[in-house]
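Undergrad: Below is the sequence, then the predicted model.
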Amino acid sequence: MEKFDLVIIGSGPAGTGAAFKARSLGLTVCVVEKRDTGGTCLNRGCIPTKTLLHGADLLRETREGERYGVNAGDLQFDFPKLIEWRDTVVSTLRQNQNTALTKAGVTIVHGAARVEGPGKVSVKTDSGETALEAAAILVASGTTPALLPILGHDLPGVYTSDHFLEGTGLLPKRLTIIGGGVIAVEFAAAYSSFGSEVTLLVRSSLLSVMDREIGQTLALQLKKRGVVMYTKARPERIEAKDGALALTLTTEGGGEAKSVTVPADAVLMASGRTPDTNLFAPGCTPELTAKGFIKSDDNMMSSIPGVYVAGDISGGAQLAHAATAEGEYAAACIAAAVKGGGNKASHAQVIPSCVYTTPEIACAGITAAEAAEKGIPVAAGKGVFGSNGKAFLENQERGFIKLVFHAESRALIGAQFFCNRATEIIPWAVQCIGDGTTAEQIERTVFPHPSICETIAAAVSDAITRGGLK
Ligand SMILES: Cc1cc2nc3c(=O)[nH]c(=O)nc-3n(C[C@H](O)[C@H](O)[C@H](O)COP(=O)(O)OP(=O)(O)OC[C@H]3O[C@@H](n4cnc5c(N)ncnc54)[C@H](O)[C@@H]3O)c2cc1C
């Protein structure tokens, strides 16, 4: 039986983040993976979606390139070629990650792991079953797409994001997407640019966990690109009709409730994911939350001694960078428990949320509305892009930057960016929020010209003058 300090189940961002950190802290590490290494993020999530979105942007920008003197004439779009590029991107990054793990001294075992008890893992591989022993086990098994249990959910033509992101890819003429979160809006953005007729069914409003103006502005932009949207909508059933699908929904979006049937060639269910906890021997299941995620203490340990959790499975932010940070934190806690010597690591405090539409969306910290609900006194400012040269020359559609300051300490406590390259600028806000940077300190920052981030200065100035940050 092979022995390790740490056996990690799952090679997504949480598992690999933990593996590198644990090796750097001197632990012997084995990672067990039942599918392709890299997890959801690399194989069926972040990377393939962003590859499709990049292709979609290039296509749309070329189509609209006339103002820049770009005329592609009889523009052709070869979808299988884009899928080929997606696969090259994914397989190259996967290979690079495997090499980096191996170079770091991590043992990778391919197979389905099961926790048999504290310190004991069995792995079903192609050639049989292997037993592993470990001082600690880290479960980083992630989530899988959930299908809404409505009538017709199992019909051919009803898909999850996995079907769209793996294999030959899908380019339906009429695509109906159920969901109003990040995955749903990214698919709506990409597929409307590819030329699909996209219908979006949103339970409440778009990106409802973010600042309200973000969802409202994005809805306008998607509608401009031809996306049909039903808000306050509930899917009732899907039927096979005339060689296609017919999705019946009820919507209260227009004020009064009505029933609508939407024809579709494909339905994408992007309305939730299920925690993958099917990996514990009978009698050895840790305590779960009401939503089925694995409960853990401050050191990421589950209710089973020596069995830790990290990433999506712990019920946190459901984001790759949050999973990586949590994996690294868990590894530090495990190293302290296994080797002694104390633990100086702490939980990541500020986790940014990003949406890769055009323009991009990126948020960190609190919104002004959340602050009001919590009774936190704030002064908020908004910078718009009307006089931002970089945004104008890039033909950026409507956008804004909002900054939320604590009215008394004057520290930045929230930021919402709806602009080109928002996902590249948000780490600035993450750091300012983490460090308690004040409005005056930000005012003293010189932003490069011309740049998108220049509008940060306008937002601070607005918080001081109009927002009342005296
Ligand atoms: C379409 C889509 C787009 C996304 N885009 C973004 C984005 O742009 N940015 C972002 O931050 N997040 C994004 N996410 C979310 C991100 O992918 C997840 O938050 C992240 O992958 C979670 O990492 P994880 O390590 O916790 O789990 P996962 O990445 O899901 O990895 C878990 C791994 O564990 C393996 N596993 C499970 N059970 C076992 C077992 N018994 N034995 C062996 N192996 C096992 C699984 O096969 C899997 O490889 C996206 C998700 C989706 C679906």
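TA: Now that the structure is in, tell me what you want to look at. Residues are numbered from 1 along each chain as shown.
Undergrad: Report how many residues lie close to the closest residue to residue 10 other than its chain neighbours.
TA: Nearest non-adjacent residue to residue 10, counting by CB to CB, 6 or more residues apart in numbering: residue 140, 3.8 Å away. All C-beta spots, glycine's among them, are computed from the backbone N, C-alpha and C. Using other CB atoms under 10 Å, residue 140 is surrounded by 31 other residues.
Undergrad: And residue 241, by the same measure?
TA: Neighbourhood size, residue 241 [other CB under 10 Å]: 12.
Undergrad: The one 3 residues further on now?
TA: One way to gauge burial is a neighbour count; for residue 244, by other CB under 10 Å, it gives 15.
Undergrad: Next, it: phi, psi?
TA: Main-chain torsions, residue 244, degrees, to the nearest 10: phi -140, psi -160.
Undergrad: Now do the contacts for the residue nearest the centre of the chain.
TA: Nearest to the geometric centre of the chain sits residue 319, at 4.3 Å (CA atoms, centre = their mean). Contacts of residue 319 were listed using CB atoms under 8 Å, 6 or more residues apart in numbering, and they are 351, 353.
Undergrad: can you start the count at 43 instead of 1 from here on
TA: Got it, first residue is 43 now, which makes that one residue 361.
Undergrad: How about the backbone phi and psi for it?
TA: Main-chain torsions, residue 361, degrees, to the nearest 10: phi -130, psi 150.
Undergrad: ok, now how distant is it from residue 325?
TA: Separation of residue 361 from residue 325 (CB to CB, to the nearest Å): 33 Å.
Undergrad: Looking at strand pairing, list the partners for the nearest residue in space to residue 343 that is not next to it in sequence.
TA: Nearest residue to residue 343, sequence neighbours excluded (CB to CB, 6+ apart): residue 350, at 5.2 Å. Counting by DSSP bridges, residue 350 is bridged to residue 180, residue 343.
Undergrad: same thing with residue 271?
TA: Using DSSP bridges, the bridge partners assigned to residue 271 are residue 242.
Undergrad: dump the residue contacts of it.
TA: When the contact criterion is CB under 8 Å, 6+ apart, the partners of residue 271 are 241, 242, 244, 248, 261, 264, 265, 295.
Undergrad: all strands for the stretch 43-192 of the chain, in order.
TA: 44-51, 71-75, 149-152, 154-159, 162-167, 170-181, 185-187 (DSSP state E, counting those that start in this stretch).
Undergrad: quick one: the top helix by length along the chain near the ligand?
TA: Secondary structure of the chain read by DSSP state H shows that its longest helix is helix 121-145. No - judged by CB under 6 Å from any ligand atom, helix 121-145 and the ligand are separated, with a smallest distance of 10.9 Å.
Undergrad: packing partners for that helix?
TA: In terms of contacts (3 or more CB pairs under 8 Å, 6 or more residues apart in numbering; DSSP states H and E), helix 121-145 is packed against helix 55-66, helix 81-86, helix 88-105, strand 149-152.
Undergrad: can you tell which of those is closest to the ligand?
TA: Distance to the ligand, taken as CB to the nearest ligand atom, is lowest for helix 81-86 among the helices and strands packed on helix 121-145, at 2.6 Å.
Undergrad: Buried residues, that closest one. List them.
TA: Buried residues in helix 81-86, counted by 16 or more other CB atoms under 10 Å: 81, 82, 83, 84, 85, 86.
Undergrad: Would you mind listing what in this protein touches the ligand?
TA: Residues of the chain lying close to the ligand (CB under 6 Å from any ligand atom) are 51-57, 74-77, 81-83, 86-88, 91, 154-155, 182-185, 203, 225, 318, 321, 353-355, 360-363, 365.
Undergrad: Please indicate which of the residues you listed are buried?
TA: 51-57, 74-76, 81-83, 86-88, 91, 154-155, 182-185, 203, 225, 318, 321, 353-355, 360-363, 365.
Undergrad: just checking, residue 140 touches residue 78?
TA: No - counting by CB atoms under 8 Å, residue 140 does not reach residue 78; the two are 9.8 Å apart.
Undergrad: List the contacts of stretch 191-201.
TA: For stretch 191-201, contacts defined as CB under 8 Å, 6+ apart pick out 189, 212, 277-282, 286-287, 306-311.
Undergrad: Strands - which of those residues land there?
TA: Judged by DSSP state E, strands contain the following of these: 277-282, 286-287, 306, 308-311.
Undergrad: which stretches of the stretch 393-512 of the chain form strands?
TA: Taking DSSP E, counting those that start in this stretch as the criterion, the stretch 393-512 of the chain carries its strands at 395-397, 402-407, 420-426, 442-448, 454-461.
Undergrad: neighbouring strands for the first one, and are they parallel or not?
TA: Taking DSSP bridges as the criterion, strand 395-397 sits next to strand 402-407 (antiparallel) in its sheet.
Undergrad: mind listing what's buried in the strand it pairs with?
TA: For strand 402-407, using 16+ other CB under 10 Å, the buried residues are 402, 403, 404, 405, 406, 407.
Undergrad: Please apply the same query to stretch 424-434.
TA: 424, 425, 426, 427, 430, 432, 433.
Undergrad: So the first one is in contact with residue 504, correct?
TA: Yes - taking contacts as CB under 8 Å, residue 424 lies within contact range of residue 504: 5.5 Å.
Undergrad: Only the buried subset of the ones in strands among the contacts of stretch 191-201, as a ChimeraX command please.
TA: A single ChimeraX command suffices to select whichever of the ones in strands among the contacts of stretch 191-201 are buried according to 16+ other CB under 10 Å:
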select :277,280,287,306,308,309,310,311
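Undergrad: And the ones in strands among the contacts of stretch 191-201, which is closest to residue 346?
TA: When the ones in strands among the contacts of stretch 191-201 are ranked by distance to residue 346 (CB to CB), residue 311 comes first, at 32.6 Å.
Undergrad: Could you verify my assumption that that closest one touches residue 204?
TA: No - checked against CB under 8 Å, the pair residue 311 and residue 204 is beyond contact range at 10.5 Å.
Undergrad: Between the two, which contacts overlap?
TA: Common neighbours of residue 311 and residue 204 (CB under 8 Å, 6+ apart) are residue 187.
Undergrad: ok, residue 224 - contacts?
TA: The neighbours of residue 224, taking CB under 8 Å, 6+ apart as the test, are 249, 395, 397.
Undergrad: coming back round to it: tell me the one among the buried residues of helix 81-86 nearest to residue 236.
TA: Closest to residue 236 out of those is residue 86 (18.9 Å), distances taken as CB to CB.
Undergrad: between residue 140 and residue 78, who's got more neighbours?
TA: Each of residue 140 and residue 78 has its neighbours counted (other CB under 10 Å); residue 140 has more, 19 against 16.
Undergrad: With adjacent residues omitted, what lies nearest to that one?
TA: By the measure of CB to CB, 6+ apart, the closest residue to residue 140 outside its immediate chain neighbours is residue 79, 5.7 Å from it.
Undergrad: before we move on, what about residue 349?
TA: That would be residue 179: by CB to CB, 6+ apart, it lies 4.8 Å from residue 349.
Undergrad: Correct me if wrong: that neighbour contacts residue 49.
TA: Yes - counting by CB under 8 Å, residue 49 is a contact partner of residue 179 at 5.2 Å.
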